[in-house]
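Peer 1: below are the sequence and a predicted model; questions follow.
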Amino acid sequence: MKKNFTQQEVEEQIKIVAGDYDIVRLVSPAERKVLFPPSEVDRVAYCHELLGRNKRCENCTSMRALQSKGQYYKIDFLNKRILWVESRYLCVDGRDCVEEKIKDITDTFVFDSDERTVLGDFIKHYNIALVTDPLTGVYNRRFLEEDFLPSFQCCQDPNINVGVAFFDVDNFKRINDTYGHVVGDEILKRTAQFWKARFNCHEKGKERFVVRFGGDEFLIVAVGLDFGAFAKEITEAAKQIPLSISLKNQTAVPYAYALGTACSCEVGPGLAWTKLVALADQRMYANKPVPPTGGGKQ
């Protein structure tokens, strides 16, 4: 399928198919800009705004189309309406873009009311599950790498800081080996929800979210905070983390953590994400509790 077009070719193509859809437009999802038609150019390229949502979709097909240079489809539900969404990657005059087509298919989607409710619930949970860690309920690395990073790296305002905290449960393997994985999982779930309760916002320029980075490691990301304010907020919040979990037999399982923070303002112009995470990781390891050296006679 052809992917390279001139601007004139795309405009003509959109005009041809516009009558078959409720919304047809050319967007730059990474920059969050509408490129065509002219009446939409001044709008932010968030389909959720066109659809009346107050935050962007958890599972953005346009961002996935951009990342894979392919084509994605989904059925979405909004206010009891059923929407068919198509997102197709195009290279327009050398620029990476996505053609979005949205159609309300409520009246032509043949399901009875009960089946429609079941399908709506399934799709809603499926879209969320794609970008969510199943154990802890916070975002997974797919959300970080396919949604947040591409859009932010493309259009970052150098005056807006990105703060990152790297959080690690100390000696997590020993906890699992000693008390079992059920206890280890409970510590991870409580840790994730502790941070999510404090860092969970999708407002543009003020995003705050938590990602399970891997194993017992979490990233806490905050956009738009001065580094000093971010580091202070993280540090003060961490002091409230319970350092033990009680088992059913009343046994208290102690655990510790290590935390490191870094800011984009420390790693040069632009969002040097790899350097930013590496710096937070380095500081986290520097803050790890010092293990006992062991006593006894030689």
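Peer 2: Happy to help now that I have it. Numbers count the residues shown, from 1 in each chain.
Peer 1: host element of residue 65?
Peer 2: Assigned by DSSP states H and E, residue 65 belongs to helix 61-68.
Peer 1: that helix: what's the following helix or strand?
Peer 2: Using DSSP H and E, the helix or strand that follows helix 61-68 in sequence is strand 71-78.
Peer 1: now the element after that following strand, going C-ward?
Peer 2: Next in sequence after strand 71-78, counting helices and strands by DSSP H and E, comes strand 81-92.
Peer 1: and the next element down the chain from that next one?
Peer 2: Next element after strand 81-92 (DSSP H and E): strand 95-104.
Peer 1: just the buried residues of that next one, please?
Peer 2: Neighbour counts over strand 95-104 (16 or more other CB atoms under 10 Å) mark 96, 97, 98, 99, 100, 101, 102, 103, 104 as buried. Using the backbone N, CA and C atoms, a C-beta is placed for each residue, glycine as well.
Peer 1: same list, those residues, but as TSV with distance to residue 234 please.
Peer 2: Putting these into TSV (distance: CB to CB, whole Å) gives the following:
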residue	distance to residue 234
96	35
97	37
98	35
99	41
100	37
101	42
102	39
103	44
104	44
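Peer 1: need those residues in JSON lines with pLDDT and distance to residue 205, can you?
Peer 2: Output for those, formatted as JSON lines (pLDDT from 0 to 100; distance: CB to CB, whole Å):
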{"residue": "96", "pLDDT": "91", "distance to residue 205": "23"}
{"residue": "97", "pLDDT": "92", "distance to residue 205": "23"}
{"residue": "98", "pLDDT": "92", "distance to residue 205": "22"}
{"residue": "99", "pLDDT": "94", "distance to residue 205": "27"}
{"residue": "100", "pLDDT": "92", "distance to residue 205": "23"}
{"residue": "101", "pLDDT": "92", "distance to residue 205": "29"}
{"residue": "102", "pLDDT": "90", "distance to residue 205": "26"}
{"residue": "103", "pLDDT": "90", "distance to residue 205": "31"}
{"residue": "104", "pLDDT": "88", "distance to residue 205": "31"}
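Peer 1: go through those and name the one nearest residue 282.
Peer 2: Taking CB to CB as the measure, residue 96 is the one of the buried residues of strand 95-104 closest to residue 282, at 33.2 Å.
Peer 1: got the contact list for that closest one?
Peer 2: 28, 30, 66, 69, 89 (CB atoms under 8 Å, 6 or more residues apart in numbering).
Peer 1: spatially, which two of those are the most separated?
Peer 2: Across the contacts of residue 96 (CB to CB), the longest gap, 14.0 Å, separates 28 and 69.
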